[in-house]
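Peer 1: Got a sequence here, can you build the structure:
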Amino acid sequence: MTRLAHITLMFAMSLTARAQPAFPPSPLQSLDGNWSQFAADATGNLYVLTPGGQLRKYGPAGDSIGVFNEVRQYGRLTSIDVGNPLKPLLFYADFGTLVVLDRFMRSVNVTDLRRLGIFQAKAVARSYDNQVWVYDGQDTRLRKVSEDGRVLLSTPELRTVMDDPPLPERILDRNGMTYLYDPRRGLYAFDYYGAFRNRLELTGWSDAEVLEGRLMGVRDGRVLAYSLRTPGIRETPLPDTLSRAGPWQFSPRGVYVRQAAGIRLYPHWTP
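Peer 2: Numbers count the residues shown, from 1 in each chain. Sure, this is the predicted structure:
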């Protein structure tokens, strides 16, 4: 980051927050249960992982649509990507495995990333063209791979072009950019050809998401929103009942959060 950009970011983050609208007090919808992981797609379907190792899909009205029983066949499930509701993507970091399901929760494809020379896959995500972004922590490359096991695009080793390459926990393909979020190092932005654009030192956020031109996340009992268009940060304190809840998912439909009794969907609002 240039000195000017760094100063601009620090100034924006040091501004005293103006009065913010409170976090919505009541959820719109609830799905009760003891879910260890969850994801929500753009159509309002919820995908929840049970303690017994089943991945269940529920419709917007709470009706059961399907179940995937072989979750543990590939090890510990790391993440669920439902950017394409017709092809849920399961990622198993320990064994470098991708599993693609159909809309009925049946397995249709399994990819061993190690066969592609990717030995320390840290994070994956659906790309805008329905391929898969993968970040390899061993050689610090961002790659795009196809479901049939081909490497379509690869960046240079990032440690050769930057002093402190990321080890991201999330990849976000949004609005013509691919973002890597590393809680210790911040947000790294790449274009769709894999060219590095910039880095923002927005560290310590959990459940980071890029939504409507803003990076959103949670830190220290607050929801944070940083504008990627006109740099500036806004914060909304969370009520005590939500300050320790999570994980969170910020979406155009609203804000999903896991609480003790289940998954709650709160209204979409602007911090």
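
Peer 1: Arg185 is in contact with Glu169, isn't it?
Peer 2: No - the criterion here is CB atoms under 8 Å, and Arg185 misses it with Glu169 at 10.8 Å. For the C-beta atoms, the positions are set from N, CA and C on the backbone; glycine is no exception.

Peer 1: what's the neighbour count on the nearest residue to Arg114 once chain neighbours are set aside?
Peer 2: Leaving aside its sequence neighbours, Arg114 sits nearest to Gly96 (CB to CB, 6 or more residues apart in numbering; 4.8 Å). By the criterion of other CB atoms under 10 Å, Gly96 has 22 neighbours.

Peer 1: now Ala22
Peer 2: Neighbour number of Ala22 under other CB under 10 Å is 11.

Peer 1: One more: Thr230?
Peer 2: Using other CB under 10 Å, the number of residues around Thr230 comes to 7.

Peer 1: Number the residues from 534 up from this point.
Peer 2: Right, with 534 as the first residue, what we last looked at is Thr763.

Peer 1: Please identify the helix or strand for it.
Peer 2: Using DSSP states H and E, Thr763 sits in no helix or strand.

Peer 1: Tell me which residues touch the residue nearest to Arg647, please.
Peer 2: Contacts for Gly629 (CB atoms under 8 Å, 6 or more residues apart in numbering) come out as 645-647, 651-654.

Peer 1: what's the answer for Val756, then?
Peer 2: Here Val756 is in contact with 556, 749-750, 768-769, 771, 788, 804 (criterion: CB under 8 Å, 6+ apart).

Peer 1: Make TSV from the residues you listed and add secondary structure, distance to Arg674 and neighbour count to it.
Peer 2: Formatted as TSV, the contacts of Val756 follow (DSSP: H, G, I helix; E, B strand; the rest coil; distance: CB to CB, whole Å; neighbours: other CB atoms under 10 Å):
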residue	secondary structure	distance to Arg674	neighbour count
Phe556	coil	39	18
Met749	strand	27	20
Gly750	strand	25	24
Glu768	strand	35	16
Thr769	strand	37	16
Leu771	coil	37	19
Val788	strand	33	25
Pro804	coil	34	17
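
Peer 1: and the residues you listed as JSON lines, adding pLDDT?
Peer 2: Listed next are the contacts of Val756 as JSON lines, based on pLDDT from 0 to 100:
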{"residue": "Phe556", "pLDDT": "84"}
{"residue": "Met749", "pLDDT": "96"}
{"residue": "Gly750", "pLDDT": "97"}
{"residue": "Glu768", "pLDDT": "93"}
{"residue": "Thr769", "pLDDT": "92"}
{"residue": "Leu771", "pLDDT": "93"}
{"residue": "Val788", "pLDDT": "96"}
{"residue": "Pro804", "pLDDT": "73"}
